[in-house]
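In: Predicted coordinates and the sequence they were generated for:
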Amino acid sequence: MRIGVEVGGTFTDLVQYDGTGVSISKVPSVPQRPDEGVFAALQAAGAEVGALEELTHGSTVAVNAILERKGARLGFIVTRGFRDILLLQRHDRLRIFDLFYRKPEPVVSRVDTLEVDERILADGAVERALVLDETRAALAAFVENGGYDAVAICLLNAYRNPTHEFMLRDALRALRPDLYVTCSAEVGREFREYERASTTTLAAYVQPTVDRYLGRLEKRLAADGFDGRLSIMQSNGGRLPVDGIRDNALVTLFSGPSAGVVGAIRQVASERHNNLITLDVGGTSADVCLVTDGRPDMINETSIDGLPVHVPVIDIVTVGAGGGSILWADEGGMLRVGPDSAGADPGPVCYGRGGERPTLTDAQLMRGALPQDALLAGRMPLAVAAARGRVEALAGRFAMSAEALGESAVRIANANMISAIKAVSTERGKDPRDYALVAFGGAGPLHATELADELGIGTVIVPPYPGVLSAYGLLASDVHVSDARTLITPVDAEAGGTVRAVLAELTEQAAGRLAALGIAGDIERAFSLDMRFVGQAFEIRVPLDPAQLPDLSAAALRALFHDAHHRLYQHGREDRGKAIEIVAYRLETRRPQTHAPHLSLPAGSDAAPRAGRVFSADAWHDCTIVPRESLAGQPGLRGVCIVEDPTSTTLVGAGWQVSVDDRDNMILRKDA
């Protein structure tokens, strides 16, 4: 028996697999105490915790600690002369037309930064040795006076030679065994000093918070008789046992959205639908990802609150347009949607939990896309009158009806989601019409056909139980370890040998990590190189087939780079005589999840279709409301109609046909 539990901004979702089938549970999240939401979901599911083989968990603990600035009291140690690295940052602006723009605030202040005398060169040679006898007194005073929970260490060029960082780490732990110490060389051995410093401080900042949260989770699970494996979802789309997360909690930053992408791929991807655009609309945001040939795009760097994070992550674009996004009027009298969200507490007004500001969910209720007699999470009646009162109050400012304001709000949210879809498709040379749109999350299916109409997408897919697909993705995910190493390597006659040696070292390290975590079974490995023309500032990722390693030559490396460069930039002509270099070596190690069933719905339904109305294009339109379990008995169903699922509601627009495939996915196709 295995369970996946995903804590979202509004709901905590659970999917349970007992070896024969899948069951689900959905309860409101507890934002201030997310572990309570986990155990509420386990209780609602009637789960036998003592019988669990594995519980996989995804949460927003790390990301919330950063966004809310509620992480550790943090100290920072750098090479002398680099005290201001987090303040100088890069010479760019996130908002170029903002006259009052200020650079993002780092999570550690200048006064909490200690400089030490040492210097390692870019080739790893020691120019100035670290003398602990001369540094120990300064370290002791730094720790004693600062009252820190955690210390981040990021020394110059430590990615090439981490010896000095490890010396400082050991000295700090000897001074204060309870101190959390994070070294940049343990977070990621890659170059670019500011990005590495930012990533290290963020990792140290969230480490105590995540560690204590996981400790509470483990303690209560043990009290309930759990002796299986607790695994945590990472931003790279793979899970890892909890002991592997304690070394670098930052890898959990975007675990929820990544789990949704994995769930969509495992449930939907097939020979017929292998190119997908995933659309996950939850309570606070809409997350979009491009999946080509069954694989999501991956990136090595992202950002949070304006601060760079150098960790492997599924390439997801997020906009603040979720079901809980608040509707408001700005200073110019324009209607706005989000990015502020009502979250789980109090939630949208129609949840009846004390919410007073209308949200996108309330807007959908006013226009009839969310039927007034619908049950939230399959069991909670909606507070229709309260929602109408709040929406009408806002609509009065625009001299509009509640339903007209609701439709306007949905159009604004749709425009934001379309921008996100274009960011992962057309802005990267991909035509969204060549992809199927996979809609999930509690609110994704409500927007799907309207978005597809705007983008010219002809196929929309809604998985069964779309509101818990991220929790399903936790169950379906592989064990996944990402390793990387920066080593500037000219592509010359010696390059092949260097590539084999470095990748062999990374392979041995990854195997050791998995063995230490008790991970056994068939292992899959994927190699890649970050390469560029000599003189360029940035590089591209070049996949490397392991079968090519034994006879890898400079000519083969050059050909691989030029092919990847041409695919990315579509140059008609390239200077194939220019010098090329390898910047970084990467290894992705997976232990595949071989026991991931597909989601499926109960057969048949006694509930009969009923009549409804949807406000669209400034007019009311009659529609049919159909329980999703009864779709097999509704051949030839067409929009406008509403399909109700226990975890979500799908609005099928005019001109769309409805069918169900052999995995219980609802397939919506646009008339030619």
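Out: Thanks, I have the structure now. Numbering: from 1, shown residues only.
In: Domain ranges for the chain, per the record?
Out: Structural domains assigned to the chain are 67-210, 259-320+417-476, 325-411, 479-591, 623-670, following automatic domain parsing.
In: any idea which of these is most buried?
Out: domain 259-320+417-476 (a mean of 23; mean count of other Cβ atoms under 10 Å). Any C-beta I mention is one placed from the backbone N, CA and C, and that applies to glycine too.
In: mind checking the SS state of the nearest residue to residue 242 once chain neighbours are set aside?
Out: The spatial neighbour of residue 242 that comes closest, neighbours along the chain excluded (Cβ to Cβ, 6 or more residues apart in numbering), is residue 230 at 4.6 Å. Look at residue 230: counting by DSSP: H, G, I helix; E, B strand; the rest coil, its state is strand.
In: quick one: contacts for residue 230?
Out: 54, 55, 57, 214, 217, 218, 221, 241, 242 (Cβ atoms under 8 Å, 6 or more residues apart in numbering).
In: got a pLDDT number for it?
Out: If you check residue 230, the pLDDT there is 95.
In: what are the bridge partners for it, then?
Out: In this structure, residue 230 bridges to residue 55 when assessed by DSSP bridges.
In: let's have the chain start at 34 instead
Out: Let's use 34 as the start, then, which means that last one is residue 263.
In: are any of the contacts of residue 263 buried, and which?
Out: Those of the contacts of residue 263 that meet the buried threshold are 87, 88, 90, 247, 250, 254, 274, 275, by 16 or more other Cβ atoms under 10 Å.
In: how much space between the first one and residue 191?
Out: Going back to what we said before, that points to residue 87. Separation of residue 87 from residue 191 (Cβ to Cβ, to the nearest Å): 35 Å.
In: can you check the third one too?
Out: Taken as Cβ to Cβ, the spacing of residue 90 relative to residue 191 amounts to 32 Å.
In: Any regions of this protein where pLDDT drops low?
Out: 410-411, 604-607, 637-639, 666 (pLDDT under 70).
In: who's in contact with stretch 631-650?
Out: Contacts for stretch 631-650 (Cβ under 8 Å, 6+ apart): 48, 54-55, 299-300, 399-402, 404, 436-437, 439-440, 496-498, 502, 505, 653-663, 665-667, 673, 675, 684, 686, 696-697.
In: picking up where we left off before, name the nearest of the contacts of residue 263 relative to residue 594.
Out: For those, the minimum distance to residue 594 (Cβ to Cβ) is 36.2 Å, reached by residue 274.
In: The closest one contacts residue 264, doesn't it?
Out: Yes - contact status for residue 274 versus residue 264: in contact at 5.4 Å, counting by Cβ atoms under 8 Å.
In: overlap in contacts of those two?
Out: By Cβ under 8 Å, 6+ apart, the residues touching both residue 274 and residue 264 are residue 512.
In: which element is residue 46 on?
Out: strand 44-50 (DSSP states H and E).
In: Who does that strand pair with, and is each partner parallel or antiparallel?
Out: Checking strand 44-50 against DSSP bridges gives partners strand 35-40 (antiparallel), strand 55-61 (antiparallel).
In: for those, which one ends up most surrounded?
Out: Taking mean count of other Cβ under 10 Å, strand 35-40 is the most buried of the strands paired with strand 44-50, at a mean of 27.
In: hmm, who's touching that strand?
Out: 45-50, 62, 67, 70-71, 74-75, 78, 80, 85-94, 266, 288-289, 292, 501, 503-508, 628.
In: Mind doing that once more with 6 Å?
Out: With contact meaning Cβ atoms under 6 Å, 6 or more residues apart in numbering, strand 35-40 is reached by 46-50, 62, 67, 70-71, 74, 85-92, 289, 292, 503-504, 507-508.
In: now swap in stretch 594-606 and tell me
Out: Outside stretch 594-606, the residues within contact range by Cβ under 6 Å, 6+ apart are 564, 573, 575, 613.
In: Contacts only, for the last one.
Out: Counting by Cβ under 6 Å, 6+ apart, residue 613 makes contact with 524, 566, 591, 594.
In: So what pairs up with it in the strands?
Out: Residue 613 has these beta-bridge partners by DSSP bridges: residue 566.
In: With residue 665 as the reference, measure out to it.
Out: To residue 665, residue 613 is 56 Å away according to Cβ to Cβ.
In: The second one now?
Out: According to Cβ to Cβ, residue 573 and residue 665 sit 47 Å apart.
In: swap in residue 251?
Out: Taking Cβ to Cβ, one finds residue 251 at 43 Å from residue 665.
In: swap in residue 500?
Out: Here the criterion is Cβ to Cβ. By it, residue 500 lies 21 Å from residue 665.
In: Residue 246 - nearest residue in space that isn't next to it in sequence?
Out: In space, and not counting its chain neighbours, residue 246 is closest to residue 94: 5.0 Å by Cβ to Cβ, 6+ apart.
In: does residue 574 really touch residue 561, like I thought?
Out: Yes - here residue 574 reaches residue 561: they are 5.2 Å apart, a contact under Cβ atoms under 6 Å.
In: CA-only coordinates of whatever helix or strand residue 98 lives in, as PDB, when you get a sec.
Out: Here residue 98 sits within helix 94-100, counting by DSSP H and E. In PDB, the C-alpha atoms belonging to helix 94-100 read as follows (Å, rounded to 0.1, in the frame of the first residue of the first chain):
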ATOM      1  CA  VAL A  94       6.800  24.500   3.400                       C
ATOM      2  CA  ALA A  95      10.100  25.600   1.800                       C
ATOM      3  CA  VAL A  96       8.600  28.100  -0.700                       C
ATOM      4  CA  ASN A  97       6.300  29.600   2.000                       C
ATOM      5  CA  ALA A  98       9.300  30.100   4.300                       C
ATOM      6  CA  ILE A  99      11.000  32.200   1.600                       C
ATOM      7  CA  LEU A 100       8.000  34.100   0.400                       C
END
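In: Whichever helix or strand comes after it - which strands sit beside it in the sheet, and in what orientation?
Out: Using DSSP H and E, the helix or strand that follows helix 94-100 in sequence is strand 107-112. Strand pairing for strand 107-112, determined by DSSP bridges: strand 146-149 (parallel), strand 183-187 (parallel).
In: Confirm that residue 516 sits in a strand.
Out: Yes - under three-state DSSP, residue 516 sits within a strand.
In: hey, where'd the strands end up in the stretch 434-583 of the chain?
Out: With strands called from DSSP state E, counting those that start in this stretch, the stretch 434-583 of the chain shows them at 469-473, 492-495, 512-523, 557-566, 573-577.
In: Now find how far off-centre the longest helix along the chain is within its chain.
Out: Identified as the longest helix of the chain according to DSSP state H is helix 226-256. How far helix 226-256 lies from its chain's middle: 17 Å, per Cα atoms, centre = their mean, to the nearest Å.
In: and the direction of that helix versus that of strand 183-187, what angle?
Out: 140 degrees (axes from the mean of the first three to the mean of the last three Cα atoms, to 10 degrees).
In: And helix 226-256, what does it pack against?
Out: Here helix 226-256 touches helix 94-100, strand 107-112, helix 118-121, strand 183-187, strand 213-216, helix 217-220, strand 340-342, going by 3 or more Cβ pairs under 6 Å, 6 or more residues apart in numbering; DSSP states H and E.
In: just to confirm, which helix or strand has the residue nearest to residue 443 when sequence neighbours are not counted in it?
Out: Among residues not flanking residue 443 along the chain, residue 396 sits closest, at 5.8 Å (Cβ to Cβ, 6+ apart). Following DSSP H and E, one finds residue 396 within helix 393-399.
In: on contacts alone, who are the packing partners of that helix?
Out: Going by 3+ Cβ pairs under 6 Å, 6+ apart, helix 393-399 lies up against helix 417-428, helix 435-457.
In: Which one, of those, ends up nearest to residue 184?
Out: Using Cβ to Cβ, the nearest of the helices and strands packed on helix 393-399 to residue 184 is helix 435-457, at 37.1 Å.
In: and the closest one, what other elements does it pack with?
Out: strand 319-325, strand 349-352, strand 368-374, helix 393-399, helix 417-428, helix 477-488.
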